[in-house]
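In: Dropping a prediction and its sequence here:
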Amino acid sequence: MKKQLIFLSALFITITVFGQKNELKTADKAIKNGDFSSALAAINQAESLIGSADQKLKAKYYYLKGKALYQEGANSNVEEVAVAFNELLAYEKETNKLKYSNEIKELINSLVQSTAGNASKDYEVATQSKLPADYVKAAKGFAQVYALSPTDTTFLDNAALVYFMGEDYNSSKEAYQKLLDLNYTGISTVYIANNKSDGKEVVYPTKKAMDVQVKLGIAENPREEVKESRREMIFKNLAQNYAMLEDSEKALEVITQGREEFPSSYSLLIDEANLYYKAGDNDKFKEKLEEAISLNPTEPTLYYNVGVMNMGQGNLDEAISSFEKAVELKPDYADAYNNIGAAIIEKATPIIDEMNKNLSDFDKYDSLQKEQFEIYKKALPYYEKAYEINNENISVIQTLMGLYENLEMTDKLNEIKAVYDGLK
């Protein structure tokens, strides 16, 4: 009985191997005849049996599958072809028997060049048309190059950026996340020389390729340039994708991760501050702006925004101090001058409230009004400076009209009213 079982098992293996070989032979013949649908049908038949095949048969299966999908370059689904080709390369590398790898690598290189070339052309079209669909088409091309050659992560980086430009935020997000998962930095050495005939810069894939051109006298002035890390920007762009998808919580999570890796990044800090601002968390927004000032103490807009936050919280003296620092750094900062004036006028609010309570007490009312006008006199020069810098700001002009009228500066009032009428 035992001998019978062994015989049946051996017979089953023989039949299985025969089936595998027969299907692959059919597929091979169909590929040579250009009948790729029949080839794929035969390969699909063999797929369920291939698990028990020997190394030689498995390698041929992967090879024929890739060739059938490749269809002599006619298959537009490059990602599908890339998966099949890379499956073969990985298998032959694992078994250390490289029967088909060289041929497949040549096909991949050819596909990479043509796909990258088409993607670059599509990108040029997109930069002219500015249409999201054109950007997405180019991005898909760059993504296909990466699928064909996973070591060329720069193309995945390109795809992520161009997907964003095409407003395909989900695809962009996935590509940027993949780059982070791969620990991609973007740091690379670029080999550049000048073409002797026209002086134009030429970028070479390797130092050896550049050196050969220089030795042949075709190029001159060889040099190497090291590209800086892109990782900080990847965190920034990934967060921006989440923000565009209205997932502020995830955007903030990504920025937090980025800041853990790049704690002194001014750019990521500003993005973090803006996310808190959009979320309505003004306290956090102000806190991050103050932190940003410690990193970049000469940026006037930071002081201006801190001033706005302080003003909104009723901290008028702190607001004025921040606005004054802004105009110290940027003397033509019209909005900062305007806000200094506004913060000073805000100080008259409790006086006006008190005046309204003493409408029948003429002496007290007049005394309070005098204090009010003294405050207006302090605010006036800042509004005048804002007007001097930008004489078309209707809001500033209207405020000046009110101040001149209250302070009984008739000549000034007539001048500014003429400007106002002209702008209307």
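Out: Arrived safely. This one's a predicted model, so the numbers in the text were calculated from it and none came from an experiment.

In: if I look at A175, how far off is S149?
Out: Plainly put, A175 is 15 Å away from S149 if you go by CB to CB, to the nearest Å. All C-beta atoms are positioned from the backbone trio N, CA, C, and that covers glycine.

In: What of S171?
Out: 19 Å.

In: ok, now L64?
Out: 22 Å.

In: quick one, domains of the protein?
Out: For the chain, automatic domain parsing gives the domain ranges 19-99, 298-424.

In: now for those domains, which one comes closest to L131?
Out: domain 19-99 (20.7 Å; CB to CB).

In: for the closest one, the distance to its chain's centre please.
Out: Centroid separation for domain 19-99 versus its chain: 38 Å, with CA atoms, centre = their mean, to the nearest Å.

In: Give me the average confidence score over it.
Out: For domain 19-99, mean pLDDT is 77.

In: How about stretch 205-214?
Out: 87.

In: Show me what counts as buried in it.
Out: 210, 213-214 (16 or more other CB atoms under 10 Å).

In: Out of those, which comes closest to S197?
Out: Using CB to CB, those come closest to S197 at Q213, 11.7 Å.

In: Go ahead and report the secondary structure state at the closest one.
Out: Look at Q213: counting by DSSP: H, G, I helix; E, B strand; the rest coil, its state is helix.

In: Give me the neighbour count for the nearest residue to it once chain neighbours are set aside.
Out: With CB to CB, 6 or more residues apart in numbering as the criterion, Q213 has its nearest non-adjacent residue at 4.1 Å, and that residue is A219. Per other CB atoms under 10 Å, the neighbour tally for A219 reads 22.

In: neighbours of S197, just the number please.
Out: Using other CB under 10 Å, S197 is surrounded by 8 other residues.

In: And the pLDDT at I6?
Out: pLDDT for I6: 41.

In: next one: T14
Out: Note for T14: predicted pLDDT of 40.

In: Which strand or helix spans the residue nearest the centre of the chain?
Out: By CA atoms, centre = their mean, the mean C-alpha position of the chain lies nearest to N237, the distance being 3.0 Å. Using DSSP states H and E, N237 sits in helix 231-244.

In: who's in contact with the following helix or strand past that helix?
Out: Next along the chain after helix 231-244, taking DSSP H and E as the criterion, comes helix 248-261. Residues from elsewhere that reach helix 248-261 (CB atoms under 8 Å, 6 or more residues apart in numbering): 231-232, 235-236, 238-240, 242-243, 265, 268-269, 271-272, 275-276, 278-279.

In: pLDDT of helix 248-261, averaged?
Out: On average, helix 248-261 scores 96.

In: Next, the angle from it to helix 231-244.
Out: With axes from the mean of the first three to the mean of the last three CA atoms, to 10 degrees as the basis, helix 248-261 and helix 231-244 are set at 170 degrees to each other.

In: Show me which residues of the helix or strand following helix 248-261 are buried.
Out: Sequence-wise, the next helix or strand downstream of helix 248-261 (DSSP H and E) is helix 266-278. By 16+ other CB under 10 Å, the buried positions in helix 266-278 come out as 268-277.

In: Which elements pack onto helix 266-278?
Out: helix 231-244, helix 248-261, helix 282-295 (3 or more CB pairs under 8 Å, 6 or more residues apart in numbering; DSSP states H and E).

In: which one of those has the most crowded surroundings?
Out: helix 231-244 (a mean of 21; mean count of other CB atoms under 10 Å).

In: residues making contact with that helix?
Out: 157, 160-161, 164, 167, 169-170, 172-173, 176-177, 179-180, 184-186, 248, 250-252, 254-255, 257-258, 261-262, 265, 267-268, 271, 275, 278.

In: just the angle between it and helix 266-278, please?
Out: Using the same axes, to 10 degrees: helix 231-244 against helix 266-278 is 20 degrees.

In: Mean confidence (pLDDT) on helix 231-244, please.
Out: Helix 231-244 comes out at a mean pLDDT of 96.

In: Centre of the chain to it, how far?
Out: 5 Å.

In: and L64 and S149? which has more neighbours close in?
Out: A count of neighbours by other CB under 10 Å puts L64 above the other of L64 and S149, at 26 against 20.

In: which one is that one nearest to, not counting chain neighbours?
Out: L64's closest residue in space is A27 (CB to CB, 6+ apart), at 4.8 Å.
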